[in-house]
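Peer 1: Whatever this is, show me its structure:
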Amino acid sequence: MFERILIDYEQKLKWAALVLGILSTVCIVQDWYPLTLFISLPFCIIWGCYAWLHSEPQLKYINIIFSALYIYGIVRYMMTA
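Peer 2: I've put the predicted structure just below:
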């Protein structure tokens with residue numbers, strides 16, 4: 001079922017990922033921490049799902065690693081805030 005959703009909404013989600021990627025870059029340049037973490041995580045999750053769907057192992061594992069790092073950063077931020 002999840003795969004079907006990814007297939008049906010592939011272009012819309014990829015456009016959303018593009019917007020999130022651009023916003024993430026702006027947040028990095030403007031030094032808007034922790035907003036970068038909250039915007040970059042969905043970007044990585046979207047691309048990780050499509051890497052899984054299309055069997056692209058390098059992209060899949062890179063996005064899993066970055067997602068884990070973003071989650072770590074978000075949890076660390078929440079615990080210190």
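Peer 1: Okay, helices next: where are they in the chain?
Peer 2: Per DSSP state H, the chain carries helices over the ranges 2-8, 10-30, 35-53, 57-80.
Peer 1: Need the winner for burial among these.
Peer 2: Highest mean neighbour count among those (mean count of other CB atoms under 10 Å): helix 35-53, with a mean of 19. Just so you know, the C-beta spots here come from the backbone N, C-alpha and C atoms, and that holds for glycine as well.
Peer 1: which helices and strands sit right next to that helix?
Peer 2: With contacts taken as 3 or more CB pairs under 8 Å, 6 or more residues apart in numbering; DSSP states H and E, helix 35-53 sits against helix 2-8, helix 10-30, helix 57-80.
Peer 1: pLDDT score assigned to Leu53?
Peer 2: On pLDDT, Leu53 comes in at 69.
Peer 1: Likewise for Thr36?
Peer 2: For Thr36, pLDDT reads 93.
Peer 1: Make TSV from the helices and strands packed on helix 35-53 and add distance to Cys44 and mean pLDDT to it.
Peer 2: Putting these into TSV (distance: least, CB to CB, whole Å; pLDDT from 0 to 100) gives the following:
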stretch	distance to Cys44	mean pLDDT
helix 2-8	15	84
helix 10-30	9	93
helix 57-80	4	91
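Peer 1: Pipe the ones you listed into TSV and attach distance to Ser40 per row.
Peer 2: Output for the helices and strands packed on helix 35-53, formatted as TSV (distance: least, CB to CB, whole Å):
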stretch	distance to Ser40
helix 2-8	20
helix 10-30	5
helix 57-80	5
